[in-house]
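> Sequence first, predicted coordinates after that:
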Protein chains: 2
Amino acid sequence: MTETEFIALLRPFAGAGARDLRDDAAVLSLSQDGDLVLTHDVIVEGVHFREGDAAEDVAWKLVAVNLSDLAAKGATPVGVLVGYPLGDDAWDRAFAAGLGVALAAFDCTLLGGDTVKVAGPRSLSLTAIGRAGSVVPSRSGAKPGDGLWVTGVIGLAGLGLDILRRPGEECGVGSSPGRSLNMRDMFNPSLGRSQPESALVASGPGLRRDDAIAAYLSPQPRLVEGRALAPLVTAMMDVSDGLLIDAARIAEASGVAIEIALDAVPAAGEIMAAVTAGDDYELLFTLPANAPCPVAATRIGVVRAGAGLSLTLDGSAVPLPERLGYLHD
Amino acid sequence: MTETEFIALLRPFAGAGARDLRDDAAVLSLSQDGDLVLTHDVIVEGVHFREGDAAEDVAWKLVAVNLSDLAAKGATPVGVLVGYPLGDDAWDRAFAAGLGVALAAFDCTLLGGDTVKVAGPRSLSLTAIGRAGSVVPSRSGAKPGDGLWVTGVIGLAGLGLDILRRPGEECGVGSSPGRSLNMRDMFNPSLGRSQPESALVASGPGLRRDDAIAAYLSPQPRLVEGRALAPLVTAMMDVSDGLLIDAARIAEASGVAIEIALDAVPAAGEIMAAVTAGDDYELLFTLPANAPCPVAATRIGVVRAGAGLSLTLDGSAVPLPERLGYLHD
């Protein structure tokens, strides 16, 4: 069954802080000490990371994808618990070292966990606990008239994955199988408009390519931005499964329509590939129309009365792609 | 590498509440709202449960083994986060139903979690959060002169597993492969001494057999006992990997010697098999010599100055078995 169907079966057992299992994280309200935010993500070899990825990178990603959920709640990481499948010595040693690096980078400690031995692809679990600020944003508060904003560059991690999948080949060039990369749209991070074909090389040989690979291997949870935004946004979440599917989730949870101007999206690679790619871990949020945005981010759309997601390109309506993002279906 | 070696690599990253990664659970101290207890356990198909086990039973076990860690801390369950590998519809549906039953039984709610799709044996993770009482026992407070106590019957779950592994065969009878079962010692839950050979059947056809199977499939975390004991014990943990290995862990953490009188242990099945079998989820604890025990439990040994674990049978020293319990090594 699909994740959505499974969650529907579990919804009757959801507790007060579970936000009806419709959010990125749970909120545990304490009587005097404020709120704790809790999130639990599992990453799987061959799905969330590649079989050949370095153990240090996997450790970083395991921590980062969970802290990204805390970022979307404006929370400050406190500690993590890790479920780890023991494998070969070198991998275990490298993973432990990488976990230490990631925890230090985010000023977060290891609280506990469990190890197992299991055949088959590695499956690693992590629970992150954070302290909430005065407001814990949800997905459900977007109001007609709000602007839709996103941090960073969308599709960068997906592009990095494409590059890693085709070693030795110049990205965006040639008749490669798999996702089509369009050199014209390869990088337009700042303007959200098509750049000259030289955009990729213009910023220095290998630099942007490395940025894309780094975005895939070592995502940076937007913790600082999340804390600054939490008291101001009407809704917020992290973009883990794809910009379009996650925007559609905000629309659904908030009972509103969202219209995204594709030409405004700071995207890496071909635009429709970028907005449906997963793993970006940027923050997607709505702000009242005239509210200033306190962090570096791009306004990419508008919230309207109604329901559903719609797209425009240079002012004209564009049909939704068949697949809005990554779903475990 | 072994779990012990891996944990040693992680120890430098352990936070204040991690208890140096030497305990069953972490303690998150809040400034005014008391302490939270957090634990994270993973169970794996083919290791912690059998491939053919019913999904409802797997759900129960996943919840129970984690709540057993909370019980050992005297904590009251608040909520859980679950990492679940989506499989076939019928299994997913039965698991969801079983999760609901288990959560209701322990007055605990679902806070959140994650689903993945993964090939190979199922690996399920759960993080349980509990509210601590005024005292959170550790493994490290046992003092020379204390008595060593255990709740329930040791080896019952291991016996249940043996029965399940050999369907159609009368347990404890015949020249079966695998662990040897001795009818003489099959059940001596109350006295801790050898019972007549009729002990198994004496309590009604199939009844004790069903108890053993139930102990393996549906362990009962000792939450009520844990809360009653927490303010009184000098050390406490749950018996998950085997009585001997867990007693040795208390001895090591407390810097003391522990001597167990095997004839005092309420054991199911052959005594050495019982005291090295996992999955019992009983509470093992130390109490000052003359302190009354507030729950149904059996005094099985004594704490002395020194180090290590030793065994006696009817007053005579008995060598330790080569394997003290279950280790992920």
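Okay, I see it.
> domain ranges for chain A?
A:3-131, A:137-329 (automatic domain parsing).
> Of all these, which one is nearest residue B:57?
Proximity to residue B:57, assessed across these by Cβ to Cβ, is greatest for domain A:3-131 (17.2 Å). Any C-beta I mention is one placed from the backbone N, CA and C, and that applies to glycine too.
> what about the domains of chain A, which gets the closest to chain B?
Distance to chain B, taken as Cβ to the nearest Cβ, is lowest for domain A:3-131 among the domains of chain A, at 2.1 Å.
> Now do the end-to-end distance for that closest one.
28 Å (Cα to Cα, to the nearest Å).
> Quick one: mean pLDDT for whichever strand or helix holds residue A:102?
Counting by DSSP states H and E, the element that carries residue A:102 is helix A:89-105. When pLDDT is averaged over helix A:89-105, the result is 96.
> That helix: which residues count as buried?
A:91, A:92, A:94, A:95, A:96, A:97, A:98, A:99, A:100, A:102, A:103 (16 or more other Cβ atoms under 10 Å in any protein chain shown).
> Out of those, name the two that are farthest from one another.
Comparing every pair within the buried residues of helix A:89-105 by Cβ to Cβ identifies A:91 and A:103 as the most remote, at 18.3 Å.
> Quick check: which of the domains of chain A is buried the most?
domain A:3-131 (a mean of 21; mean count of other Cβ atoms under 10 Å in any protein chain shown).
> Off-centre distance for it?
Relative to the centre of its chain, domain A:3-131 is centred 14 Å away, using Cα atoms, centre = their mean, to the nearest Å.
> again, but for stretch A:155-168
Centroid separation between stretch A:155-168 and its chain, computed with Cα atoms, centre = their mean, is 16 Å.
> Also stretch A:129-140?
The chain centroid and the centroid of stretch A:129-140 are separated by 17 Å under Cα atoms, centre = their mean.
> end-to-end on it?
With Cα to Cα as the measure, stretch A:129-140 spans 22 Å from end to end.
> swap in stretch A:236-249?
11 Å.
> tell me the mean pLDDT for it?
Rounded mean pLDDT across stretch A:236-249 is 96.
> Quick one: distance of that stretch to the chain centre.
Distance, stretch centre to chain centre, for stretch A:236-249: 7 Å (Cα atoms, centre = their mean).
> and the stretch 51-200 of chain A, which residues reach chain B?
Proximity of the stretch 51-200 of chain A to chain B (Cβ under 8 Å from any Cβ of the partner chain) is limited to residues A:78-79, A:81-86, A:89, A:92-93, A:96-97, A:99-100, A:103-104, A:109-121, A:123, A:125, A:127, A:129.
> From residue A:311, how far out is residue A:267?
According to Cβ to Cβ, to the nearest Å, residue A:267 and residue A:311 sit 13 Å apart.
> Just the CA atoms of whichever helix or strand comes after the helix holding residue A:102, as PDB, please.
With elements assigned by DSSP H and E, the helix or strand that comes after helix A:89-105 is strand A:109-116. Output in PDB follows, covering the C-alpha atoms of strand A:109-116 (Å, rounded to 0.1, in the frame of the first residue of the first chain):
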ATOM      1  CA  THR A 109      24.700  15.200  20.900                       C
ATOM      2  CA  LEU A 110      24.100  11.500  20.600                       C
ATOM      3  CA  LEU A 111      21.600  10.400  23.200                       C
ATOM      4  CA  GLY A 112      21.400   6.700  22.400                       C
ATOM      5  CA  GLY A 113      20.300   4.100  19.900                       C
ATOM      6  CA  ASP A 114      20.500   0.500  18.900                       C
ATOM      7  CA  THR A 115      22.600  -1.600  16.600                       C
ATOM      8  CA  VAL A 116      21.400  -4.700  14.700                       C
END
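> If you count contacts, what does the following helix or strand past strand A:109-116 end up packed against?
As assigned by DSSP H and E, the chain's next helix or strand after strand A:109-116 is strand A:123-131. When contacts are defined as 3 or more Cβ pairs under 8 Å, 6 or more residues apart in numbering or on different chains; DSSP states H and E, strand A:123-131 sits against strand A:35-44, helix A:55-72, strand A:76-85, strand B:35-44, strand B:76-85, strand B:123-131.
> If we use 7 Å, what do you get?
strand A:35-44, helix A:55-72, strand A:76-85, strand B:123-131 (3 or more Cβ pairs under 7 Å, 6 or more residues apart in numbering or on different chains; DSSP states H and E).
> Return the distance of residue A:25 relative to residue B:124.
20 Å.
> same deal with residue A:237?
According to Cβ to Cβ, residue A:237 and residue B:124 sit 26 Å apart.
> Then residue A:284?
Distance check for residue A:284 against residue B:124: by Cβ to Cβ, it reads 30 Å.
> now do residue A:113
15 Å.
> Over to residue A:263?
44 Å.
> and residue A:11, what does it touch?
The neighbours of residue A:11, taking Cβ atoms under 7 Å, 6 or more residues apart in numbering or on different chains as the test, are A:20, A:21.
> hang on, it in a strand?
No - in this structure, residue A:11 is helix, not part of a strand, as judged by DSSP: H, G, I helix; E, B strand; the rest coil.
> quick revisit: check which helices and strands the helix holding residue A:102 sits against.
Secondary-structure packing of helix A:89-105 (3+ Cβ pairs under 7 Å, 6+ apart): helix A:55-72, helix B:3-10.
> Dump these into TSV; add distance to residue A:150 and mean pLDDT as well.
Below are the helices and strands packed on helix A:89-105 laid out as TSV (distance: least, Cβ to Cβ, whole Å; pLDDT from 0 to 100):
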stretch	distance to residue A:150	mean pLDDT
helix A:55-72	12	97
helix B:3-10	35	93
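> Residue A:60 reaches residue A:216, doesn't it?
No - under the criterion of Cβ atoms under 7 Å, residue A:60 makes no contact with residue A:216, lying 11.3 Å away.
> Since that was my last question, I'll sign off now.
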